[in-house]
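Participant: Take this sequence and fold it.
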Amino acid sequence: MPWSSDDDSEVLTFLPADQLNQWDLTAKFSVSTKEGTESGSIRWILNPDEERLDVLSPTGSVVAQLTMTASEARLKTDDRETVAKDAETLFREVMDLSLPVAALRYWVRGLDAPDLPLESVEKDGEGRITDLTQDGWQLAYNGNVSIESGSHRFEVPRRLTATRGDIEIRWASTEWQAITQ
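Facilitator: Alright, predicted model coming up:
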């Protein structure tokens, strides 16, 4: 029997990362400050109605859950629940730490955050950001991962290191899934 090809093979279309706006993401992270280093993993689910970040310890137990809607941000831990107008305010009040949660939505996709001052950007030969300085944060990207969603494919960074003053955030995306409706 002669070999035959499948003429109906699916063609994947690459879309820019800014069109990836709903996801289920798992990543490993560490946050280092002059007081020490905390590490663990995050499961981040972003959809139009709600955004949820579950912070897990290195052993996999949920130590905090951050839920954000258009009107508020809520941080739950084992012993307390705190509500504020946004996630950045929560982290400042609860952990005395300035984390750019809104900007991370863009940075983890290899994009600059549109609402923050852009100081410098370097791109590779294919137009992907390799180094970015924005709002005092210096970001360096390393490696890429492809996400397939139906006939679409997105390419996002695998690793990110963000530093500002005494704070260093290391991020390694381990599992991405685009959410489609």
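Participant: quick one: Trp137 from Ile45, how far?
Facilitator: As for Trp137, its distance to Ile45 is 24 Å (criterion: CB to CB, to the nearest Å). C-beta coordinates here come from the backbone N, C-alpha and C atoms, glycine included.
Participant: Compare those two and say which is more crowded by neighbours.
Facilitator: Taking neighbours as other CB atoms under 10 Å, Trp137 and Ile45 compare with Trp137 leading, 20 against 17.
Participant: Neighbouring strands - and their directions - for the helix or strand that contains Asn144?
Facilitator: If you go by DSSP states H and E, Asn144 is part of strand 137-149. Applying DSSP bridges to the sheet, strand 137-149 is found paired with strand 129-134 (antiparallel), strand 152-164 (antiparallel).
Participant: Tell me which helix or strand the closest residue to Thr26 other than its chain neighbours sits in.
Facilitator: Nearest non-adjacent residue to Thr26, counting by CB to CB, 6 or more residues apart in numbering: Glu175, 4.1 Å away. If you go by DSSP H and E, Glu175 is part of strand 167-178.
Participant: Show me what that strand is packed up against.
Facilitator: Using 3 or more CB pairs under 8 Å, 6 or more residues apart in numbering; DSSP states H and E, the elements in contact with strand 167-178 are strand 23-33, strand 137-149, strand 152-164.
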